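Pasting the sequence and the predicted coordinates here, then a few questions.
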Amino acid sequence: QVQLVESGGGLVQAGGSLRLSCAASGRGFSIYVMGWFRQAPGKEREFVAAHSWSGASTYYADSVKGRFTISRDNAKNTVYLQMNSLKPEDTAVYYCAGQGRSYYSTSDPRGYNYWGQGTQVTVSS
């Protein structure tokens, strides 16, 4: 079983930055892709970014391209989401997720079988 623990959320003014971290732990786990999703009140969970675990491929939602950067540190089993130029519409609970097997999509939450507990990001105007 894989445990994912997020950290780094908080309150920031519009135009500011935050960095989220997601640490993975567990015995004998294998992960193909690590992703970040977010869910605002009254809205569906949406894809933000993803990173292949063994390679350098990254994927972003159009709404965050050029502002957010996903990176990973395999030695620490940790994935990061650097969020710059934050906007009030970025306010949401952000979830880290892992694909434990190959799946056709990196943006479909149904392809992820490991999820963190979520961390709140609030951007004030």
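Received it, and whenever you're ready, just let me know what you need.

what residues are up against the residue sitting furthest away from the middle of the chain?
Residue farthest from the centre of the chain, counting by CA atoms, centre = their mean, is Ser125 at 22.9 Å. Contacts here follow CB atoms under 8 Å, 6 or more residues apart in numbering; on that basis Ser125 touches Ala14, Pro88. Heads up, the C-betas are built off the backbone N, CA and C, glycines and all.

Strands along the chain, start to end?
With strands called from DSSP state E, the chain shows them at 2-7, 10-13, 18-26, 33-39, 46-52, 58-60, 68-73, 78-83, 92-99, 114-115, 119-124.

Check which helices and strands the shortest one sits against.
When contacts are defined as 3 or more CB pairs under 8 Å, 6 or more residues apart in numbering; DSSP states H and E, strand 114-115 sits against strand 2-7, strand 92-99.

just the second one next, same as before
Helices and strands touching strand 10-13, as assessed by 3+ CB pairs under 8 Å, 6+ apart, comprise strand 119-124.

Compute the inter-axis angle for the strand it packs on and strand 2-7.
With axes from the mean of the first three to the mean of the last three CA atoms, to 10 degrees defining the directions, strand 119-124 sits at 30 degrees from strand 2-7.

What score does the residue minimising distance to the centre of the chain have for pLDDT?
The centroid of the chain falls nearest to Trp36 when counting by CA atoms, centre = their mean (1.9 Å). Here, the pLDDT recorded for Trp36 equals 98.

No further queries at this time; thank you.
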